[in-house]
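*Asks:* From the sequence below, what's the structure:
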Amino acid sequence: MSTKTRPDVADLFIIGGGINGCGIARDATGRGLSVLLAEQGDLAQATSSASTKLFHGGLRYLEYFEFRLVREALEERETLLVAMPHISWPMRFVLPYHPDMRFEGDTPTGRLMARLMPWMKGRRPSWLIRLGLFLYDTLGGRKILPATRTLDLTRDPAGAALQTRFRHAYEYSDCWVEDSKLVSLNARDAAERGAQIMTRTRVISANRLDGLWQIETEGPQGRHHYRARALVNAGGPWVEDVIRNVARINSSEGVRLVRGSHIVTRKLYDHDRCYFFQGTDGRIIFAVPYEQDFTLIGTTDKDHQGAPIDAVCTDEERDYLLNFASQYFAKPVTVEDVVWTYSGVRPLYNDGAKSATAATRDYVLSLDTNGAPLLNVFGGKITTYRRLAESALEKLQPFFAQAKGPWTARVALPGGNFAHDGVPALTASLKARFGFLTDYWAARLIRAYGAEAATVLGDARKAADLGRDFGATLTEAEVRWLMAHEFACTAADVVWRRTKLGLRMTQDQMAALDVFMASAEGHGAVSPAAE
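*Replies:* So this is what the prediction gives:
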């Protein structure tokens, strides 16, 4: 980590340790700006760890004619793949087609079809879907990912898990991403470049005084005061609360909180492709291979009332997803198949849309220059986080003439400095060097740490050399690495955000991990860059 000392007046103070806040921190620090970031909980504790884990262009957004958003997201997929090949990789998506399928009517495409082809009554002809997929293939200048192809489900293995009424499908490309890991790696890279990352640290107040922001925080080390030339509000679901109750500014802008819930089931099929399912209500869900032995199904779209941190997958949402998936899978998916659920709140810009589904997924950056600058970040998609950060710095550029230009495109995150298709070779090399690793264990470590996996294991010659075994291949050596390098402070940070080993560990094992982490030396919630 960097050993830079904290400046008396920082250039940027960022509120929020989700993907937008950490992405902006990394970009700004790399441009030579001094950066402080405060997160009230753990990094990615809210929305940024509750996504469907996809870098995708948003195929269904074409229904809303959101071509700029889709093009930007499609362009980013391959840019991000190159920078983080350990935590992101290509996936193929199977979109089953049946001529009787109905689509949502209240979209620009739906309204146009109703006027031009009223006899279709909400259906989409196959040529229109193929046209949409052609646009999806070409809008983003695809080079690495394979193009769309047509499948005969009566012969292709992808058809075996589906009902026999689905005989044809389209297969296209998108990408997987370990969402919360993406956040911690951006934060780590920012810290190594000189940023101060403060977790478990709440911003109590932020006031303009003498051309600067005066900020008060409360964290593990008590209350502290900071000064900054500009304030970035990347509070996610709390962005509106920061405006009104922390900065105490009157604003007509706000967010629409939309809850997205997911279920994780036992493994429902044997191949490594995802399914894109279209419902009669106009919604879509994905069924995705997850953590080698499970299937992830989501997401819902429900307007959320109450505190964002209280979001949970309700029984109604769980049953909705089960029924939705059961309309496609040959064997119905039941409550007994569910092993875990999670839910997050998307802070969408309140554009007045009639439904949660129709609300824009695009981001909005609002700059308040009534005194020291305040940049409020509304909305955004995990796929476009890097572009959002670039846009944020572009808006702030007039206040920081010394800042360098954009630099993050294709620059590797920690552990990602190897070829985009190099995971198999890296995994084989790790297993050859550390003969005690199982195939699962080696693959998991490469997907978590990439080129740094061997450094995590150190000089170990046998599993016992890695220290205490917490279960599910989680060892003391790995836990200490996460505490020292990725801001992990509790068991939940480790088993639900830096990894998903909570799916394989018992409550007793997780409790023992919590006790160990609480007693381990040097597990403070402030990055070493701040010390």
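*Asks:* Just give me the longest helix of the protein.
*Replies:* helix 67-83 (DSSP state H).
*Asks:* by how many degrees do the very next helix or strand once past that one and helix 67-83 diverge?
*Replies:* Under the assignment DSSP states H and E, the closest C-terminal helix or strand after helix 67-83 is strand 88-97. Computed by axes from the mean of the first three to the mean of the last three Cα atoms, to 10 degrees, the angle separating strand 88-97 from helix 67-83 equals 140 degrees.
*Asks:* what about strand 88-97, distance to the chain center?
*Replies:* 18 Å (Cα atoms, centre = their mean, to the nearest Å).
*Asks:* contacting residues around the residue nearest the centre of the chain?
*Replies:* A centroid search over the chain (Cα atoms, centre = their mean) returns residue 179, at 3.3 Å, as the residue closest to the centre. Residues in contact with residue 179 (Cβ atoms under 8 Å, 6 or more residues apart in numbering) are 19, 44, 48-51, 53, 382. Every C-beta, even on glycine, is put in place using the N, C-alpha and C of the backbone.
*Asks:* And the pLDDT at residue 531?
*Replies:* With respect to pLDDT, residue 531 has a value of 35.
*Asks:* hang on, the earlier thing: run through who's touching the longest helix of the chain.
*Replies:* 55-59, 61-62, 88-90, 135-136, 139-145, 174-175, 177, 360-362, 381, 383-384, 386-387, 408-413, 416, 420.
*Asks:* Got a quick PyMOL command for the buried subset of those residues?
*Replies:* Command for PyMOL, covering only those of these found buried under the criterion 16 or more other Cβ atoms under 10 Å:
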select buried, resi 55+56+57+58+59+61+62+88+89+90+135+136+139+140+142+145+174+175+177+360+361+362+381+383+384+386+387+408+412+413+416+420
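*Asks:* Now, the contacts of helix 67-83 that are in strands?
*Replies:* Judged by DSSP state E, the contacts of helix 67-83 include 55, 88-90, 174-175, 177 as members of strands.
*Asks:* In JSON lines, list those residues along with pLDDT.
*Replies:* Formatted as JSON lines, the ones in strands among the contacts of helix 67-83 follow (pLDDT from 0 to 100):
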{"residue": "55", "pLDDT": "91"}
{"residue": "88", "pLDDT": "97"}
{"residue": "89", "pLDDT": "96"}
{"residue": "90", "pLDDT": "95"}
{"residue": "174", "pLDDT": "93"}
{"residue": "175", "pLDDT": "94"}
{"residue": "177", "pLDDT": "97"}
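*Asks:* Which one of these is nearest to residue 130?
*Replies:* Nearest to residue 130 among the ones in strands among the contacts of helix 67-83 is residue 174, at 17.1 Å by Cβ to Cβ.
*Asks:* looking at it, that closest one is touching residue 53, isn't it?
*Replies:* No - counting by Cβ atoms under 8 Å, residue 174 stays clear of residue 53, with 10.9 Å between them.
*Asks:* Do you have the helices of this structure handy? List them.
*Replies:* Under DSSP H, the chain gives helices at 19-30, 67-83, 108-116, 126-138, 179-192, 239-241, 315-326, 385-396, 423-433, 439-449, 453-457, 476-485, 491-492, 507-519.
*Asks:* now these as CSV including mean pLDDT and distance to residue 334?
*Replies:* Shown next, in CSV, are the helices of the chain (pLDDT from 0 to 100; distance: least, Cβ to Cβ, whole Å):
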stretch, mean pLDDT, distance to residue 334
helix 19-30, 98, 34
helix 67-83, 89, 34
helix 108-116, 70, 32
helix 126-138, 80, 30
helix 179-192, 98, 27
helix 239-241, 94, 38
helix 315-326, 97, 7
helix 385-396, 97, 36
helix 423-433, 98, 34
helix 439-449, 97, 27
helix 453-457, 98, 37
helix 476-485, 97, 35
helix 491-492, 98, 28
helix 507-519, 97, 24
